[in-house]
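Trainee: how would this look folded up:
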Amino acid sequence: QVQLVESGGGLVQAGGSLRLSCAASGRTFSSYAMGWFRQAPGKEREFVAAIRRSGGITYYAASVKGRFTISRDNAKNTVYLQMNNLKPEDTAVYYCAAGSAATMRMREYDYWGQGTQVTVSS
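Mentor: Model prediction:
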């Protein structure tokens with residue numbers, strides 16, 4: 001069992017930055033690939049970014065590539081999402097997830113956090 005807790009969300013103006021954190025407890029963090037997803041009001045949850053167990057390879061949705069960076073610190077059992085040049089359309093609840101593969105498919109992730117709200121004002 002893995003417990004995931006996100007933090008770092010908030011209200012920011014367009015063009016600003018936020019860094020989300022996801023702290024994991026339970027089984028060995030380094031044995032899981034990690035992903036970030038988001039869900040805007042009235043929309044389906046969508047993939048944002050993912051990172052392999054070792055942290056060497058990352059994947060991004062086209063809508064955030066070049067603006068967001070996913071990273072992990074296995075010594076701290078934490079995965080991060082650095083979000084720069086935020087846009088109003090980035091407004092959503094952001095979720096971290098742990099699974100066996102770094103993929104955009106939600107069904108590949110076994111554990112999910114409770115989410116953290118990110119609101120970008122224009």
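Trainee: which element is the residue nearest the centre of the chain on?
Mentor: Nearest residue to the geometric centre of the chain (C-alpha atoms, centre = their mean): W36, 2.5 Å. Taking DSSP states H and E as the criterion, the element that holds W36 is strand 33-39.
Trainee: so what are the sheet partners of that strand and their directions?
Mentor: Strand 33-39 pairs in its sheet with strand 46-51 (antiparallel), strand 92-99 (antiparallel), by DSSP bridges.
Trainee: got the CA coordinates for that strand in CSV?
Mentor: Taking Å, rounded to 0.1, in the frame of the first residue of the first chain, the C-alpha atoms of strand 33-39 are listed here in CSV:
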residue,chain,number,x,y,z
ALA,A,33,6.8,5.1,-11.7
MET,A,34,5.0,8.3,-10.9
GLY,A,35,2.6,10.4,-12.8
TRP,A,36,0.7,13.7,-12.5
PHE,A,37,-2.8,14.1,-13.9
ARG,A,38,-5.3,17.0,-13.7
GLN,A,39,-9.1,17.4,-13.9
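Trainee: now do that strand: distance to the chain's middle.
Mentor: What separates the centre of strand 33-39 from the centre of its chain is 4 Å, taken as C-alpha atoms, centre = their mean, to the nearest Å.
Trainee: what comes up buried for that strand?
Mentor: A33, M34, G35, W36, F37, R38 (16 or more other C-beta atoms under 10 Å). In this view, the C-beta of every residue, glycine as well, is placed from N, C-alpha and C.
Trainee: can you tell me which of these lies nearest to A98?
Mentor: M34 (5.8 Å; C-beta to C-beta).
Trainee: quick one: contacts for the nearest residue to the closest one once chain neighbours are set aside?
Mentor: Leaving aside its chain neighbours, M34 sits nearest to V79 (4.3 Å; criterion: C-beta to C-beta, 6 or more residues apart in numbering). By C-beta atoms under 8 Å, 6 or more residues apart in numbering, the contact set of V79 is S21, C22, A24, M34, W36, I51, I70, S71, R72, D73, C96.
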